[in-house]
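>>> what's the 3D shape of this:
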Amino acid sequence: QVQLVESGGGLVQAGGSLRLSCAASGSIFRINVMGWYRQAPGKQRELVAQITSESSTNYADSVKGRFTISRDNAKKTVHLQMNSLKPEDTAVYYCRAWGVITNKGYEDTAWGQGTRVTVSS
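As a prediction, this is how the structure comes out:
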């Protein structure tokens, strides 16, 4: 079974930076798309950014120009560099993988447990 483990969350002042990382494990041969979602208190979970295995990226309008997603296919990791953070970026950030091929077959999607990011004003 695919497992995703996030790290790098924490407390930062507005204008600061954080780098989130997510490592996938579980006899994985390939992950088609990796990405990040976030869920702020009282709000729905929303897509922040995603990246394909060919490094094509997609960002939410609210983070364009401030966040950068990257991945290492060999290490099966995905990162989210977050700059110029705002209080409205405060949320639990979740790693997600789509189209995971393992030695046991295919999994449509997998989620991490989340890492909390708090941006103070």
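
>>> what about Gln44, which SS state?
Following DSSP: H, G, I helix; E, B strand; the rest coil, the label given to Gln44 is coil.

>>> For the nearest residue to Gly16 once chain neighbours are set aside, the count of nearby residues, please.
The spatially closest residue to Gly16, leaving aside those adjacent along the chain, is Leu85, at 5.4 Å (Cβ to Cβ, 6 or more residues apart in numbering). C-beta here means a position set from N, CA and C on the backbone, and glycine is covered the same way. Per other Cβ atoms under 10 Å, the neighbour tally for Leu85 reads 22.

>>> Which strand or helix spans Leu85?
Per DSSP states H and E: Leu85 is located in neither a helix nor a strand.

>>> could you list every residue that touches the residue nearest to Lys76 when sequence neighbours are not counted?
Nearest residue to Lys76, sequence neighbours excluded (Cβ to Cβ, 6+ apart): Ala24, at 4.2 Å. Ala24 makes contacts with Val2, Gln3, Leu4, Ile31, Met34, Lys76, Thr77, Val78, Ala97, Val100, Ala110, as judged by Cβ atoms under 8 Å, 6 or more residues apart in numbering.

>>> Give me the buried subset of those.
Neighbour counting by 16 or more other Cβ atoms under 10 Å classes Val2, Leu4, Ile31, Met34, Lys76, Thr77, Val78, Ala97, Val100, Ala110 among these as buried.

>>> Could I get the residues you listed in a markdown table, plus columns for secondary structure?
Putting the buried ones among the contacts of Ala24 into a markdown table (three-state DSSP) gives the following:
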| residue | secondary structure |
| --- | --- |
| Val2 | coil |
| Leu4 | strand |
| Ile31 | strand |
| Met34 | strand |
| Lys76 | coil |
| Thr77 | strand |
| Val78 | strand |
| Ala97 | strand |
| Val100 | strand |
| Ala110 | strand |
